[in-house]
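1. predicted model follows, preceded by the sequence.
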Amino acid sequence: MLCRCGEEAVIRLKQYRRSFCSRCFVEFYENKVEGFIRKHRLLRPGERVFVAVSGGKDSASCLAVLKRLSEKFAIELSAFHINLGIGEYSRRVEEASRRLCEKLDVELEVVDVKAVYGVGVEEVAKSSRRKPCSACGIIKRYLMNKIPRELGADRLATGHNLEDTVEFFFKNWASGNYFWLSKQKPLLPSNHPKVLTKIKPLFERSEKENETYAKILNLPYEEGKCPHSVVSRWREVGEIVEERVPGFKLSIARGLEKLNIVVDAPKFKSCKVCGEPSSGDVCSFCRLIGRV
Ligand SMILES: [Zn+2]
Ligand SMILES: [Zn+2]
């Protein structure tokens, strides 16, 4: 397997009908992300962008590629990490996040949920009788908006990849959840003074691409999965179809980018306990961690 340049290839991308050597792949990847950012106007000069780093390969690649493009787009880059208090796993991903930011020379803010709120994801899930992933989702969504905003962020970037996009699409489409589907976009503009604009620069980049990029650049990241993670059947459906129709996942993502369904958004109030935006009187975070 050879690259177009004649070098030995390290990755084959069927959806692009091409094989790449390390050097050509890095160039390809960075050009793709840059073009995507321009096409969807994900960045504006002079803004402060926070990247949510989880310790995994996708957010590591997201931070690294934005760092390389930060001068071109004239943005200021910071990172933040949430320690969710899931035992040894949380310790390892925090450590990986610290090493990543050190290597890339990006300022990192770490929020330790247990230290600040007295409880971690597992305790909260048990006491609220929720699945850990559901409790985790509420905590992450809340802190990923609140902490960077308080630190002066203009927008928040996450490492959501192509498979996340496809899984989300199937899940919400199948359950008729069109409001959530309408929010599945590379750029989600703020709709409230306390809600950050969110961007997903890796919306069209597959897990395999992010992993290859992270490996070539030798980025520190944690390979182990969260002990609570389960492989979604919708993710598997995406893989099965992709096997038969290379490029299928990419076409789902591109379809979503064009999708323009207007769904009545719930009106935001302010949470009576913490003051953050909420659809009810008390936000789901405060209800979850038992502040009520
Ligand atoms: Zn090459
Ligand atoms: Zn609240």
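-> That came through fine. Since the structure is predicted, the reported quantities are computational estimates derived from the model, not experimental observations. Numbers count the residues shown, from 1 in each chain. Ligands and ions are numbered 1, 2, ... in the order given.

2. make it CA atoms for all contacts and neighbour counts henceforth
-> OK.

3. for R91, which non-adjacent residue is closest in space?
-> Using C-alpha to C-alpha, 6 or more residues apart in numbering and skipping the chain neighbours, the partner closest in space to R91 is N83 (7.6 Å).

4. right, I mislabeled it, should have said P189
-> T197 (4.5 Å).

5. then P227?
-> Y89 is the one closest to P227 (C-alpha to C-alpha, 6+ apart), at 7.5 Å.

6. quick check, the one you found in a strand?
-> No. With DSSP: H, G, I helix; E, B strand; the rest coil as the criterion, Y89 is helix rather than part of a strand.

7. count of residues packed around it?
-> Y89: 17 surrounding residues under other C-alpha atoms under 10 Å.

8. go on, R99?
-> Counted with other C-alpha under 10 Å, the neighbours of R99 add up to 16.

9. L100 too?
-> L100, neighbours per other C-alpha under 10 Å, totals 23.

10. check which helix or strand covers it.
-> Per DSSP states H and E, L100 falls inside helix 87-104.

11. does that helix pack against any helices or strands, and if so which?
-> Here helix 87-104 touches helix 57-73, strand 76-83, strand 107-112, going by 3 or more C-alpha pairs under 8 Å, 6 or more residues apart in numbering; DSSP states H and E.

12. check which residues of the shortest one are buried.
-> Within strand 107-112, the residues scored as buried using 16 or more other C-alpha atoms under 10 Å are L108, E109, V111, D112.

13. between which two of these is the distance greatest?
-> Farthest pair in the buried residues of strand 107-112 (C-alpha to C-alpha) is L108 and D112. Separation: 12.8 Å.

14. picking that back up, report the distance from the helix holding L100 to the chain centre.
-> Mean C-alpha position of helix 87-104 versus that of the full chain (C-alpha atoms, centre = their mean, to the nearest Å) differs by 16 Å.

15. ditto for stretch 229-247
-> Counting by C-alpha atoms, centre = their mean, stretch 229-247 comes out at 19 Å from the chain centroid.

16. buried residues in stretch 33-48, which are they?
-> Neighbour counts over stretch 33-48 (16+ other C-alpha under 10 Å) mark V33, E34, F36, I37, L42, L43, E47, R48 as buried.

17. among those, which one lies nearest to R68?
-> Using C-alpha to C-alpha, the buried residues of stretch 33-48 come closest to R68 at E34, 10.0 Å.

18. contacting residues around the closest one?
-> E34 is in contact with L69, counting by C-alpha atoms under 8 Å, 6 or more residues apart in numbering.

19. quick check: it vs ligand 2, distance?
-> Here E34 is placed at a distance of 37 Å from ligand 2 (C-alpha to the ion, to the nearest Å).

20. helix, strand or coil: sort out that residue for me.
-> Following three-state DSSP, E34 is assigned to helix.

21. roughly how far does it sit from D58?
-> Distance, E34 to D58, using C-alpha to C-alpha, to the nearest Å: 16 Å.

22. now I82
-> Distance, I82 to D58, using C-alpha to C-alpha: 16 Å.

23. repeat for R98
-> In this view, R98 and D58 are 15 Å apart by C-alpha to C-alpha.

24. shouldn't A153 be in contact with A52?
-> No. Using C-alpha atoms under 8 Å, A153 is not in contact with A52, being 11.6 Å away.

25. the two: which is more packed in?
-> Comparing A153 with A52 by neighbour count (other C-alpha under 10 Å), the higher total belongs to A52, at 25 against 21.

26. next one, pLDDT for that one please.
-> Per-residue confidence at A52 stands at 97 (pLDDT).

27. tell me the phi and psi of it?
-> Dihedral angles of A52 (phi, psi; degrees, to the nearest 10) stand at phi -80, psi 110.

28. quick check: bridge partners of it?
-> Listed by DSSP bridges, the beta-bridge partners for A52 are F80.

29. looking at R98 and D58, which has the bigger crowd around it?
-> Between R98 and D58, counted using other C-alpha under 10 Å, the more crowded position is D58 (26 against 23).
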